[in-house]
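> What follows is a predicted protein model with its sequence.
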Amino acid sequence: MVSMFKKRVLAYLIDWFVIFAILNILAWIVQNSIEILFSIHILNYFIYLLPIFIIFYFVYLEKKKGKTIGKDILDLKVVSEDGGNITYREAIIRNLSKLYWIPIIFDLIIGRNVGESKERILGQWSKTMVVEVENLREESEESDDTEELEKDEKSVDGDESEELDDSVDGDESEEFDDSVDGDESEELEKPIE
């Protein structure tokens with residue numbers, strides 16, 4: 001089995017491959033259409049477009065789907081500490097160091113040496129974590145099972161108490177009604193002497 005760290009590194013490399021593929025295709029399209037009109041080389045501006053596209057790619061996908069393409073391939077998901085979806089604020093904070101290679105290396109080294117978890121430092125600050133989707137499914141299935149058991153116990157307890165209430169109330173009330181009605185009617189039927 002592959003460790004979580006190796007999965008995350010591989011997912012990150014896949015994401016970089018996807019980002020560069022998309023940007024190269026866009027640059028080629030723009031370059032060929034603009035070069036006809038102007039002699040501007042779009043690749044000169046690549047260094048400025050890259051950070052914008054990186055932040056957009058990671059923030060948007062992690063907020064909307066909880067995972068990027070690389071994370072999706074490796075069954076990883078970004079969740080908040082409570083297990084829910086992350087907000088845009090959390091997504092922006094956790095992805096700031098992904099702009100270039102050097103910041104993410106420092107983010108990883110500092111995060112592994114400081115704090116309780118082995119999460120990157122910006123992951124700790126944003127109160128998010130990366131989990132395996134399989135583990136997330138198992139946890140949700142376990143919580144669903146416990147909820148179903150609790151519902152079953154409540155419904156069984158409720159049914160038993162209703163049956164007991166009905167049988168006790170019904171029998172007592174009938175006996176009480178019979179005895180009262182019967183005694184009064186006998187006394188009324190006796191002639192007065």
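Great, that's in hand. Residues are numbered from 1 along each chain as shown.

> By mean pLDDT, point me to the weakest helix or strand of the protein.
Lowest mean confidence among the helices and strands of the chain (mean pLDDT, DSSP states H and E): helix 133-189, at a mean of 54.

> hang on, Ala11 is in a strand, isn't it?
No - under DSSP: H, G, I helix; E, B strand; the rest coil, Ala11 falls outside any strand and is assigned helix.

> Could you double-check that Arg8 sits in contact with Leu76?
Yes - if you go by C-beta atoms under 8 Å, Arg8 and Leu76 touch, sitting 6.7 Å apart. All C-beta atoms are positioned from the backbone trio N, CA, C, and that covers glycine.

> More neighbours: which of these two?
More crowded of Arg8 and Leu76, by other C-beta atoms under 10 Å: Leu76, with 22 against 18.

> Flag every buried residue along stretch 48-56.
Neighbour counts over stretch 48-56 (16 or more other C-beta atoms under 10 Å) mark Ile54, Ile55 as buried.

> can you list contacts of that stretch?
Ile19, Ile22, Leu23, Ile92, Asn95, Leu96, Lys98, Leu99, Tyr100 (C-beta atoms under 8 Å, 6 or more residues apart in numbering).

> what about 10 Å?
Contact partners of stretch 48-56, identified using C-beta atoms under 10 Å, 6 or more residues apart in numbering, comprise 15-16, 19-20, 22-23, 26-27, 30, 42-43, 46, 91-92, 95-96, 98-100.

> Show me which of these are buried.
Using 16+ other C-beta under 10 Å as the burial test, the contacts of stretch 48-56 include Asp15, Ile19, Leu23, Ala27, Ile42, Ala91, Ile92, Asn95, Leu96, Lys98 as buried.

> looking at this, the last one is in a strand?
No - Lys98 sits outside any strand when classified using three-state DSSP, being helix.

> What pLDDT does the model give it?
pLDDT recorded at Lys98 is 85.

> again, but for the third one
You'll see Leu23 listed with a pLDDT of 84.

> Next SSE downstream of the helix or strand where it lies?
Under the criterion of DSSP states H and E, Leu23 resides in helix 4-37. Sequence order places helix 46-64 as the next helix or strand after helix 4-37, per DSSP H and E.
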